[in-house]
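Visitor: can't give you the sequence, but here's the structure:
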């Protein structure tokens with residue numbers, strides 16, 4: 001007759017902490033990562049819109065933003081600088097190059113919180129001052145949302161075969177062969 005022995009409280013706490021850390025597998029130290037982002041948007045300013053030399057309205061904005069992300073664990077904060085300006089439509093035709101006019105400096109801030117390895121919530125803000133037609137105008141762009149990776153399908157078609165891809169890296173496939181069916185198991189190590 002054996003008795004079930006409870007593990008000491010320290011050991012249970014250590015085991016729980018280790019299990020949570022291995023499940024999340026998100027680094028717990030500070031890290032810095034750069035990001036370059038292209039911005040493209042439409043803006044119809046109040047009042048008189050910015051015009052090209054031939055009288056067409058410029059309502060399309062484009063720019064680039066360089067941001068540094070500081071993260072620790074599941075949380076990250078990014079601060080960046082960049083430029084934003086009006087896209088001048090080509091005057092010649094479809095293949096002609098476009099130019100950026102009336103560019104202004106931008107400042108951006110972003111927050112991310114990774115809720116799991118497959119999903120995150122975020123909030124971003126970007127602001128520019130001094131966009132034409134009046135040099136006193138402000139442009140603010142904000143985004144709030146959630147992003148996630150879709151579940152990976154394990155069943156699929158590949159080179160005329162129907163197959164199943166296992167988490168271990170092996171692939172089981174079935175294909176027609178010499179009047180019958182061939183079953184193949186492939187793996188790499």
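Guide: That came through fine. Computed from a prediction, not measured in an experiment: that's the story for all the values here.

Visitor: now do the end-to-end distance for stretch 83-98.
Guide: Distance between the two ends of stretch 83-98: 16 Å, counting by Cα to Cα, to the nearest Å.

Visitor: to clarify, my last question referred to stretch 42-60.
Guide: End to end - Cα to Cα - stretch 42-60 spans 4 Å.

Visitor: now do the contacts for residue 81.
Guide: Residue 81 makes contact with 65-66, 105-108 under the criterion Cβ atoms under 8 Å, 6 or more residues apart in numbering. To be clear about C-beta, it is placed using only N, CA and C from the backbone, and glycine gets the same treatment.

Visitor: just those residues: which are in strands?
Guide: 65-66, 105-108 (DSSP state E).

Visitor: from those, which is closest to residue 153?
Guide: residue 65 (34.2 Å; Cβ to Cβ).

Visitor: which residue is the nearest non-sequential neighbour of the closest one?
Guide: residue 82 (3.4 Å; Cβ to Cβ, 6 or more residues apart in numbering).

Visitor: for the one you found, the count of nearby residues, please.
Guide: Neighbour count for residue 82, taken as other Cβ atoms under 10 Å: 21.

Visitor: residues contacting it?
Guide: 37, 39, 63-66, 105-106, 108, 126.

Visitor: where does it sit, in terms of helix or strand?
Guide: strand 75-88 (DSSP states H and E).

Visitor: now residue 110
Guide: With DSSP H and E as the criterion, residue 110 is inside strand 99-116.

Visitor: what's the mean pLDDT across that strand?
Guide: For strand 99-116, mean pLDDT rounds to 88.

Visitor: next one: stretch 153-169
Guide: On average, stretch 153-169 scores 78.

Visitor: hey, which helix or strand in the protein has the poorest pLDDT?
Guide: Lowest by mean pLDDT, DSSP states H and E among the helices and strands of the chain is helix 9-24, with a mean of 47.

Visitor: heading C-terminal from that one, find the next helix or strand.
Guide: strand 30-42.

Visitor: what does that next one contact?
Guide: Contacts of strand 30-42 (Cβ under 8 Å, 6+ apart): 59-72, 78, 80, 82, 84, 126, 141.

Visitor: could you check how far that strand is from the centre of its chain?
Guide: When distances are taken as Cα atoms, centre = their mean, to the nearest Å, strand 30-42 is centred 9 Å away from the chain's centroid.

Visitor: ok, how many other residues are close to residue 89?
Guide: 15.

Visitor: hmm, I was thinking of residue 101
Guide: 14.
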